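Trainee: sequence below, structure please.
(6 chains)
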4 protein chains.
Amino acid sequence: MGTMKAEASRTPRKRDAADTKRRILKAALNEFATHGFAGARVDRIAQEADVSKPMIYDYFGDKSAVYAAALREAYVKIREAEKKLSLDKLSPNDAVRELVRFTMNHYRRNPWFISLLTIENMRGGQTIRTMSDMPRVQSVLLEQVRNVLQRGKLSGDFCNEMDPRDFYIFVASLCYFPISNTHTLRAVFGVPIDNDWLNRRCDEASEMLLGYLKRDISAKPSDC
Amino acid sequence: MGTMKAEASRTPRKRDAADTKRRILKAALNEFATHGFAGARVDRIAQEADVSKPMIYDYFGDKSAVYAAALREAYVKIREAEKKLSLDKLSPNDAVRELVRFTMNHYRRNPWFISLLTIENMRGGQTIRTMSDMPRVQSVLLEQVRNVLQRGKLSGDFCNEMDPRDFYIFVASLCYFPISNTHTLRAVFGVPIDNDWLNRRCDEASEMLLGYLKRDISAKPSDC
Amino acid sequence: MGTMKAEASRTPRKRDAADTKRRILKAALNEFATHGFAGARVDRIAQEADVSKPMIYDYFGDKSAVYAAALREAYVKIREAEKKLSLDKLSPNDAVRELVRFTMNHYRRNPWFISLLTIENMRGGQTIRTMSDMPRVQSVLLEQVRNVLQRGKLSGDFCNEMDPRDFYIFVASLCYFPISNTHTLRAVFGVPIDNDWLNRRCDEASEMLLGYLKRDISAKPSDC
Amino acid sequence: MGTMKAEASRTPRKRDAADTKRRILKAALNEFATHGFAGARVDRIAQEADVSKPMIYDYFGDKSAVYAAALREAYVKIREAEKKLSLDKLSPNDAVRELVRFTMNHYRRNPWFISLLTIENMRGGQTIRTMSDMPRVQSVLLEQVRNVLQRGKLSGDFCNEMDPRDFYIFVASLCYFPISNTHTLRAVFGVPIDNDWLNRRCDEASEMLLGYLKRDISAKPSDC
DNA sequence: CATGAATGAGCTTTCATTCAT
DNA sequence: GATGAATGAAAGCTCATTCAT
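Mentor: Purely as a prediction, here's the structure:
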């Protein structure tokens, strides 16, 4: 459609640089998550953020820079959400269950996060690779996981020691895939992916993970 | 760079419609997988397929139609690969291990498949939804999985009965995520995702899945 | 849409060059009349004529040549139609009435003729100018008109002598315009241009023209 | 050729949206009139208006919209010209003569108007049909015509009452056709259509129309 | 004689980006 | 600090035309 000039509806907003930047970022997050990098339109970001396009270029530089900022913002938001997660007061068993539930809900409620991860991976990680402070961002979560695994080992709840990163990747895998691939799964397997189905998957995944942590490596695989 | 002749790159190829179409499809698969839908360039497809652009439009209609054809082609290729999988001669335990290994290797060796799935899901499945014959395409694989689970139940190897679709989705989840998200995982968790790491993940996933199939639902979660 | 290759529905027609050419010409006439020169599509002509495109180029050369042939064909058809007009057996008064009626009906029934004239004029007459035999084509009609006017003068029916070309242009003007401009007249003046309306116009035009032929130039304009 | 500077033809014009739009419209009017809808080139419009192509799309939307705007503009310009016509102070007889002369001159001096009408009619009036305010635009002229006819009737100059629309269509027909069809008339009839010829046609048409308005319907067609 | 296959050139349209106020 | 106006470069798509069989 284009701009169809001579309409000009935007009201002259208060001059608050920080707020402007925040609005742009939010709009960008949404735009990139919805349309991918190449599909995202600077025009739409400007419109949704209720700013003029030059503002975006002033604040960020170019489209790639906006994207990078949005990606970082995504991780920041994630970290904030993860702060609400506290596994320390739960038993190791419950902590694992809570971790799975939390992760699943997190992806479910913030689909833009899945989208941004997907996009960044499709781009070969070229952007996140340059953001050297990323590891720190997620270290808090990883610390909690490490803690749970250690406590479980000490308490005898878990026999098996696992690298917390590898363990968390298992958790994430099980939660991420059914959500990121909802549409193809539905079309190809006819699976009715809804909240109930996801909840069941959540429970099963917890049990499966717990079972793995508990198994005695020395023991032979038993029959039923 | 790699061309023999310095100029005049298009050799007067034989006029073979079927072959031309095949070349376009192959190039399209690659282009869409590499750049996503919006990022894909019809120009590049033409160049890589060594045809002129009008051919593409003559054969397929428009960019969306080329994409749809490429997506379908991806599933066709997958089905062909899956024909090589035979779980029937293996014990239920080994069959599960083989399924996981096969799935992992499949994703690993055909990254374009992961990419196309990802892209299609980002597009809300709008294309695959219209391809009504998709379920049939994957039913062969699903049949094999169902068979393994049944045999395991009958033989007493597995206590637990699971929907074959749900089970396969677990398998796929565990194999898909580490590959699809290689780049972000590497950047954020510092995980060195290489073949060895994936092989270990593969083994662990097999054991975890087997453990879940074997567990006695009535038994209480035991300590170590 | 394009050709969407691999469909190929045309049945292999008998090899009759003259007939093929005729079919192309007919299709071209229709296509140019409907879409104008720039809007006409060689593809559509081929499809409607049920021939392959190269045939068209073989027979005519290029799009302009097809257009030229169609334009000539239009005049040829017109001349054929005009052969059916015979004013000689009518009284001068009736002959004029018949001429008007005939002209009006002619335009009404062969809208493609009006269209082709319109198109050619919009193109500055660049094509018809090169067709040196055109004057001859219409001389038959003009001869009839000249005849009527002379007979009227001799018989005393008409006082006024007029150049037959100028007279015929008056006739043509009155018949052409309401038909060629039907759409804008309807939209702008709200005139309901249908057969009845055209018939009335036809009668009025006849009377008006007759009145003009009859008027005594020397006489003063009289009141009522 | 006409440019002052040998290169760099686009001077950094003042940024005046209204003026830009006007320039585009003017160029579009000319381009469509000269080449028809399908033959018109957005590129050429941009060049003639001395703007970049995106401006055109920003201001109007697409080619069709530009065309619609040009068509409307044509009628607006016409109305403005018609404002200069004042028949009220003339005798009914002279008013008719003036109307014919005015109409003829109008077409003669603004050939783009004839062209646009022609184009719109070839397109089936699809555009003007949607412009619901068109009737109002021409009502001023029609009012004047109605007035003249009434005054003529009252004064006894005209015996005959005619629908002003129908009458005006006669006038328009007689003026429009020789101009719109100049090229074919010249080629086919060998008529040397120049200003003199048109002027004579103008006078004759006036007399013919007046004769028709004056004729006594009850009287029998008289001989000379 | 006839045509399916193919293409160069050009069309409309879009988009990230900058200029001028 | 902020924005309406503007554009170069390219994208998707079309079309008259030719090639090879």
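Trainee: so what's A:Glu204 up against?
Mentor: B:166, B:170, B:212 (C-beta atoms under 8 Å, 6 or more residues apart in numbering or on different chains). (Each C-beta comes from the backbone N, C-alpha and C, glycine too.)
Trainee: near chain A too, which of those?
Mentor: By C-beta under 8 Å from any C-beta of the partner chain, the members of those lying near chain A are B:166, B:170, B:212.
Trainee: need the contact list for A:Arg22.
Mentor: Applying C-beta under 8 Å, 6+ apart, no residues contact A:Arg22.
Trainee: can you dump the C-alpha atoms of the helix or strand harbouring it in CSV for me?
Mentor: Secondary structure assigned from DSSP states H and E places A:Arg22 in helix A:17-39. Extracted in CSV, the C-alpha atoms of helix A:17-39 (Å, rounded to 0.1, in the frame of the first residue of the first chain):
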residue,chain,number,x,y,z
ALA,A,17,14.5,9.3,24.2
ALA,A,18,14.6,6.3,26.5
ASP,A,19,10.9,5.7,26.1
THR,A,20,11.2,6.1,22.3
LYS,A,21,14.0,3.6,22.1
ARG,A,22,12.0,1.1,24.2
ARG,A,23,9.0,1.4,22.0
ILE,A,24,11.1,0.8,18.9
LEU,A,25,12.6,-2.2,20.5
LYS,A,26,9.3,-3.7,21.4
ALA,A,27,7.9,-3.1,18.0
ALA,A,28,11.0,-4.6,16.4
LEU,A,29,10.9,-7.6,18.6
ASN,A,30,7.4,-8.3,17.4
GLU,A,31,8.1,-7.5,13.8
PHE,A,32,11.2,-9.7,13.5
ALA,A,33,9.5,-12.5,15.4
THR,A,34,6.5,-12.4,13.1
HIS,A,35,8.2,-12.0,9.8
GLY,A,36,11.8,-13.1,10.0
PHE,A,37,14.7,-10.9,9.2
ALA,A,38,14.2,-10.5,5.5
GLY,A,39,10.5,-10.3,5.9
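Trainee: elements contacting the helix or strand bottoming out on mean pLDDT in chain A?
Mentor: The weakest-scoring helix or strand in chain A, judged by mean pLDDT, DSSP states H and E, is helix A:134-155 (a mean of 89). Judged by 3 or more C-beta pairs under 8 Å, 6 or more residues apart in numbering or on different chains; DSSP states H and E, the packing partners of helix A:134-155 are helix A:63-83, helix A:92-109, helix A:164-180, helix B:182-189.
Trainee: buried residues in that helix?
Mentor: Residues of helix A:134-155 classed as buried by neighbour count (16 or more other C-beta atoms under 10 Å in any protein chain shown): A:134, A:137-138, A:141-142, A:144-146, A:148-149, A:151-153.
Trainee: repeat for stretch A:103-120
Mentor: Counting neighbours by 16+ other C-beta under 10 Å, one finds that the buried residues in stretch A:103-120 are A:103-104, A:106-108, A:110, A:112-120.
Trainee: ok, and what's touching that stretch?
Mentor: A:29-30, A:32-34, A:36-37, A:70-71, A:74, A:77-78, A:81, A:127-128, A:171-172, A:175-176, A:179-180, A:195, A:198, A:201-202, A:205, B:118, B:121-122, B:180-181, B:183-184.
Trainee: so is that stretch next to DNA strand E?
Mentor: No - Stretch A:103-120 does not reach DNA strand E (C-beta under 7 Å from any atom of the strand); its nearest approach is 13.9 Å.
Trainee: any low-confidence regions in chain A?
Mentor: Residues of chain A meeting the criterion pLDDT under 70: A:1-15, A:216-224.
Trainee: so which bits of it are right by DNA strand E?
Mentor: Contacts of chain A with DNA strand E, taken as C-beta under 7 Å from any atom of the strand, map to A:1-2, A:40-43, A:53-54, A:57, A:62-64.
Trainee: and those residues, which two are furthest apart?
Mentor: A:Met1 and A:Ser64 (25.4 Å; C-beta to C-beta).
Trainee: looking at these two, which one has more neighbours?
Mentor: Neighbour count, other C-beta atoms under 10 Å in any protein chain shown: between A:Met1 and A:Ser64, A:Ser64 has more, with 13 against 7.
Trainee: would you confirm that A:Ala187 contacts B:Ser132?
Mentor: No - A:Ala187 lies out of contact with B:Ser132 (C-beta atoms under 8 Å); the separation is 9.2 Å.
Trainee: mind putting the contacts of A:Glu204 in TSV, distance to C:Asp19 included?
Mentor: As requested, the contacts of A:Glu204 are exported to TSV (distance: C-beta to C-beta, whole Å):
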residue	distance to C:Asp19
B:Asp166	67
B:Phe170	69
B:Tyr212	77
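Trainee: in ChimeraX, how would I select just the buried ones from those?
Mentor: To isolate the buried ones among the contacts of A:Glu204 in ChimeraX, judged by 16+ other C-beta under 10 Å, type:
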select /B:170,212
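Trainee: for the contacts of A:Glu204, could you give me JSON lines that also reports distance to chain C?
Mentor: Below are those laid out as JSON lines (distance: C-beta to the nearest C-beta, whole Å):
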{"residue": "B:Asp166", "distance to chain C": "41"}
{"residue": "B:Phe170", "distance to chain C": "42"}
{"residue": "B:Tyr212", "distance to chain C": "49"}
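Trainee: what's the closest of the contacts of A:Glu204 to chain A?
Mentor: If you rank those by distance to chain A using C-beta to the nearest C-beta, B:Tyr212 comes first, at 4.0 Å.
Trainee: about what we covered before: from the ones next to chain A among the contacts of A:Glu204, which is closest to D:Ser91?
Mentor: B:Asp166 (96.7 Å).
Trainee: quick one, which of the helices and strands packed on helix A:134-155 gets closest to DNA strand F.
Mentor: Nearest to DNA strand F, of all the helices and strands packed on helix A:134-155, is helix A:63-83, at 11.9 Å by C-beta to the nearest atom of the strand.
Trainee: just the buried positions in the closest one, please.
Mentor: Those buried within helix A:63-83 under the rule 16+ other C-beta under 10 Å are A:63, A:66-75, A:78, A:81-82.
Trainee: just to revisit the earlier point, is the helix holding A:Arg22 in proximity to DNA strand F?
Mentor: Yes - contact of helix A:17-39 with DNA strand F (C-beta under 7 Å from any atom of the strand) involves A:17, A:20.
Trainee: is whichever helix or strand A:Tyr57 is part of anywhere near chain D?
Mentor: Per DSSP H and E: A:Tyr57 is located in helix A:53-60. No - against chain D, helix A:53-60 shows no contacts by C-beta under 8 Å from any C-beta, the least distance being 12.7 Å.
Trainee: mind giving me the packing neighbours of that helix?
Mentor: helix A:17-39, helix A:42-49, helix A:63-83.
Trainee: quick one: which of these is nearest D:Glu98?
Mentor: When the helices and strands packed on helix A:53-60 are ranked by distance to D:Glu98, counting by C-beta to C-beta, first place goes to helix A:42-49 at 54.3 Å.
Trainee: and the closest one, which residues are buried?
Mentor: Result for helix A:42-49 [16+ other C-beta under 10 Å]: buried residues A:45-47, A:49.
Trainee: and those residues, which is closest to chain C?
Mentor: For these, the nearest to chain C is A:Gln47 (33.5 Å; C-beta to the nearest C-beta).
Trainee: can you tell me how far the closest one is from A:Ala38?
Mentor: As defined by C-beta to C-beta, to the nearest Å, A:Gln47 lies at a distance of 19 Å from A:Ala38.
Trainee: how many neighbours does the spatially closest residue to A:Ala68 that is not a sequence neighbour have?
Mentor: Among residues not flanking A:Ala68 along the chain, A:Thr127 sits closest, at 5.0 Å (C-beta to C-beta, 6 or more residues apart in numbering or on different chains). By the criterion of other C-beta under 10 Å, A:Thr127 has 22 neighbours.
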